[in-house]
Structure formats: structure tokens, C-alpha cells
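Colleague: got a sequence here, can you model it:
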Amino acid sequence: MKVLVVGKGGREHALIWKIAQSPKVETIFAAPGSPGIATLATCLTDLRLDKPASDPEGLLAEIDRLVDFVREEGIDLTVVGPEDPLSVGIVDRLEAGGHKVFGPTAAAARLESDKTFSKDLMVRLGVPTAAHRSFDNSDEARAYIRATGAPVVIKAAGLAAGKGVTVAATVEEALAAVDRIMDQSIFGDAGAQVVIEQFLEGEEASVFAITDGGDFVTLITAQDHKPIGEGDVGPNTGGMGAYAPAPVMTPELVRAAEDEVIRPVLAEMRRQGTPFRGVLFVGLIITDKGPMVIEFNCRFGDPEAQVVLPLLACDLVELMEAAADGAISRVANVPVSAGAAVCVVLASHGYPGAYRTGKDIKGLDYFNGRDDQTAFHSGTTMKGGSIATDGGRVLGVTALGEDIPSALARAYEAVDKVSFEGKLYRRDIAHRAMARLGLPIAHRGKSK
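Modeller: I've put the predicted structure just below:
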């Protein structure tokens with residue numbers, strides 16, 4: 001069969017890496033793809049499906065071109081990686097043409113693209129989540145913050161590439177976040193409305209459910225590291241690293257997430273006539289009251305995909321087809337490999353703020369022929385015949401091991417093999433898991 005994957009980042013590289021292992025797949029295309037993806041798939045670099053949702057006309061025009069390609073090439077399954085094309089209706093347009101696609105419709109993707117919709121739905125269903133208020137007027141938002149105090153969480157209501165969340169320890173920090181998001185419009189229309197949430201104490205974890213809109217199966221759990229700085233300080237990023245499985249998510253907590261969150265939300269989306277198909281990413285925080293939802297995403301996480309997918313001991317394409325066909329019930333369970341996976345993100349100096357690109361990357365040959373150490377390309381490009389940086393997050397260096405400490409050691413071993421000017425990374429990935437084991441952080445090298 002022929003498979004097309006939409007996207008160009010580390011998540012899409014991991015998806016294609018796993019899809020390529022399916023005996024059912026003969027040909028893989030990527031739109032637009034990356035230099036790393038090009039080793040596994042034919043990259044359609046002229047299809048700019050990486051345009052943001054803030055440019056809906058431009059993105060929809062590219063989607064129409066992609067639908068034409070799917071029809072003309074006879075693509076059997078399209079897999080949509082990023083949230084922007086999902087939010088503007090790429091699945092709707094493909095399904096209207098009779099094409100099989102893995103991902104939610106635009107209406108279902110509102111669980112991620114509209115945080116006010118998502119929070120209101122959770123409150124209505126009694127899904128455990130932080131108390132919140134939404135504002136489309138910055139003066140009213142500031143008045144609310146002054147009245148309620150801090151700590152508090154400020155979120156751009158729309159899509160902001162994982163950077164639209166500020167955990168404000170003080171009222172001043174919260175007011176500054178409202179100013180940046182609403183008055184300075186640093187996220188464009190995504191910040192026209194903000195959601196202000198109660199701050200919750202606890203450890204975060206990610207749960208992924210593959211669903212056909214009715215039934216679902218959950219995958220192995222993971223834990224992301226959003227803040228730029230070691231010790232979880234500094235501004236949020238798209239993710240600086242991840243590991244799986246997440247020890248904080250016991251079998252009992254996974255069942256609680258399934259029963260108290262995933263089932264009622266999927267049932268409500270069906271009741272509204274907008275069933276959610278694809279992968280539902282549930283971001284949780286484990287509080288002293290149990291798991292509570294931080295957010296929903298309508299696609300695989302990045303960098304969580306880079307640690308979850310390598311541990312799947314089954315055919316990912318069969319899972320995706322079952323979800324797209326409305327037949328996930330035929331999947332009895334999702335077997336996983338023993339051991340663990342760790343991903344350390346290598347970023348450009350200055351990220352998540354201003355950063356420079358075009359820096360030559362050295363050491364990628366180290367990964368050739370290795371099964372347990374992989375460099376997934378998040379933001380790279382070809383420059384004069386060599387690979388160079390082309391984003392804030394550049395590579396997701398991922399390693400497998402018999403347990404988290406061994407996977408962590410191998411990940412940082414691989415990190416040291418790669419170099420580029422301004423290379424920045426966190427040296428404390430998986431610090432919570434290591435602390436549970438009474439072990440020190442594995443890596444003490446220089447982060448840039």
C-alpha cells in the first residue's frame with residue numbers, strides 16, 4: 001500500500017520510521033518532509049503543508065493540492081501529523097473525496113484548537129480539570145488576575161505551537177503574559193482569547209488513545225519536559241525531551257484516565273455529531289486528588305511520539321487503518337516492547353525566543369545502521385549538500401534501553417556525537433524517574 005504522511009518535524013519522522021516497518025507498506029510519501037525523512041520516504045517539498053493555521057487561505061490552498069495528489073497517486077492512507085492542517089479541515093476534505101485518512105475532522109480537532117471549547121466541555125462532563133475563566137478582553141483578564149492572585153496559568157486559547165502557556169508564579173508575571181498574548185499578539189489570532197486556569201501541583205504525564213470515535217485503545221504512557229531550563233524553569237517550549245514509560249502512571253491511574261476522561265469525552269463528541277477519530281493525546285497532571293486534565297491534543301505529541309512509537313511491538317499501520325475504518329474493536333490490545341525509550345531534544349541557542357538557523361550539523365553519520373539510537377529530524381534543511389539547522393528544535397536524539405537509566409545513558413551518549421553552533425539541550429531529562437530510583441542525573445556535559 002501507499003502511505004502519505006503530512007508534516008516535516010520530529011513527530012512525523014518518528015511516524016514514518018515506524019510506518020516503514022509495516023510489511024503492508026510499499027511506498028511512503030511525506031509532505032513536505034525533511035532531510036531525515038528523505039531517507040525513508042519521497043518528500044513532496046513543493047507541498048507546503050507546514051503553513052500555520054493563522055494563514056488559513058494559504059494552508060487550504062496547499063491542502064487542495066495535496067488532495068489532488070492523493071487522488072492521482074492512489075494513496076491508500078493519509079496520516080496527518082501536525083495540528084494546524086487538522087484544525088482547518090484537511091481530514092474533512094480528504095474524506096469528502098473518498099480517501100482514507102487518520103486524524104480528526106476540524107470540528108473534532110476543536111478539543112485542541114479551541115481551549116475554551118475544550119475546558120467548557122470538561123466542566124460540563126465533570127472531567128477532572130483545573131478551574132478556569134476565559135477572556136477576550138485583556139483589561140478584564142488583568143482585573144481577574146489582580147482579584148484572584150497567583151500562581152496561575154495563562155493560555156492562549158488557540159494553537160500556539162506548544163508555546164502559548166505561561167505558568168506565572170506572581171501577579172506581575174501573569175499580567176505580562178496577558179500583555180504578550182493579547183495586546184502584543186505574539187501568537188496572532190491564537191491569542192485573541194486567553195484561558196486563565198488554577199495552578200495545579202503535581203507530576204505531568206501523557207496518555208495516548210487510538211480511537212475510531214467509539215472504541216479506543218491506549219498506548220504506553222510518556223512524560224514530556226516543556227520548560228526550556230533544567231529543573232523545569234523558564235518559558236515553555238514545544239518540548240525539550242521525553243521518556244516512556246512514565247513511572248508515575250500506574251495501571252490504576254491509566255484506568256482512571258480511561259474511565260473518567262477518555263470514555264466520557266469520546267461519548268460527548270459522538271453525541272454532538274462530531275466523533276473524534278485518530279489519536280487523542282491527554283495531558284495529565286497527577287495531583288493529590290488524582291489525575292486531572294491539563295489539555296487535549298488532536299495528534300501525537302512531539303517529542304512524546306519519538307519515545308512511544310519505538311516501543312510499540314505491533315504494526316502501527318494496522319492500528320491507524322482500524323481507527324479510520326471504524327473498527328478499532330478488532331484490536332484486542334497494543335503490545336509494547338520491554339524496556340524504555342528516552343528522547344533528548346537538541347535546540348538552537350535562543351529558543352524558544354529568537355534563534356539563528358543555517359548552522360551545519362556534524363556527527364549524524366553516527367546513527368547509520370543503529371537500531372537503538374536514532375536522530376529524528378525536527379528542524380533541519382539541506383544547505384550546499386549538507387544538513388543544517390532550520391528550526392528552534394533541531395533533532396530529537398532517541399535511544400532504547402532495558403530500563404530508563406540505560407536508555408538515558410545511551411541517549412546522552414548519542415547527544416555527545418552531534419554538534420552544531422549554538423547546540424542547546426537539557427541535561428536532566430527523566431530527572432523525576434531517576435529520582436524515584438534514587439539515582440543521579442546521568443549527564444553532566446555542556447548543554448551549549
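
Colleague: and what about the residue in the chain sticking out farthest from the centre, helix, strand or coil?
Modeller: Largest separation from the mean C-alpha position in the chain: Ala147, at 33.9 Å (C-alpha atoms, centre = their mean). Assigned with DSSP: H, G, I helix; E, B strand; the rest coil, Ala147 falls in the helix class.

Colleague: and Asp302, its phi and psi?
Modeller: Backbone torsions for Asp302, taken as degrees, to the nearest 10, come to phi -140, psi 110.

Colleague: low-confidence bits of the stretch 51-200 of the chain, can you list those?
Modeller: Along the stretch 51-200 of the chain, segments meeting pLDDT under 70 span 161-162.

Colleague: and the strands in it, which stretches?
Modeller: 77-80, 101-102, 132-135, 152-156, 165-168, 194-198 (DSSP state E, counting those that start in this stretch).

Colleague: may I see these organised as JSON lines, with mean neighbour count and distance to Leu284 added?
Modeller: Just so you know, the C-beta spots here come from the backbone N, C-alpha and C atoms, and that holds for glycine as well. Shown next, in JSON lines, are those (neighbours: other C-beta atoms under 10 Å; distance: least, C-beta to C-beta, whole Å):
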{"stretch": "strand 77-80", "mean neighbour count": "26", "distance to Leu284": "24"}
{"stretch": "strand 101-102", "mean neighbour count": "26", "distance to Leu284": "23"}
{"stretch": "strand 132-135", "mean neighbour count": "18", "distance to Leu284": "16"}
{"stretch": "strand 152-156", "mean neighbour count": "24", "distance to Leu284": "15"}
{"stretch": "strand 165-168", "mean neighbour count": "20", "distance to Leu284": "15"}
{"stretch": "strand 194-198", "mean neighbour count": "22", "distance to Leu284": "14"}
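
Colleague: just confirm Val394 is within a strand.
Modeller: Yes. If the criterion is three-state DSSP, then Val394 is within a strand.

Colleague: who touches it in this structure?
Modeller: The contact partners of Val394, by C-beta atoms under 8 Å, 6 or more residues apart in numbering, come to 345-348, 361, 377-380, 420, 423.

Colleague: list buried members of those by neighbour count.
Modeller: 345-348, 361, 377-380, 420, 423 (16 or more other C-beta atoms under 10 Å).

Colleague: give me the neighbour count for the residue lying closest to Lys51 once chain neighbours are set aside.
Modeller: Once flanking residues are discounted, Lys51 sits nearest to Leu59: 4.4 Å by C-beta to C-beta, 6 or more residues apart in numbering. If you count neighbours by other C-beta atoms under 10 Å, Leu59 ends up with 22.

Colleague: contact partners for Leu59?
Modeller: So Leu59 contacts 49, 51-53, 84-85, 88 (C-beta under 8 Å, 6+ apart).

Colleague: mind checking the end-to-end distance for stretch 163-172?
Modeller: Stretch 163-172 has an end-to-end distance of 19 Å (C-alpha to C-alpha, to the nearest Å).

Colleague: from Ala414, how far out is Arg427?
Modeller: 14 Å (C-beta to C-beta, to the nearest Å).

Colleague: between those two, who's got more neighbours?
Modeller: Set Arg427 next to Ala414 and count neighbours by other C-beta under 10 Å: Ala414 wins out with 23 against 17.

Colleague: picking that back up, nearest to Asp212, of the strands of the stretch 51-200 of the chain?
Modeller: strand 101-102 (10.3 Å; C-beta to C-beta).
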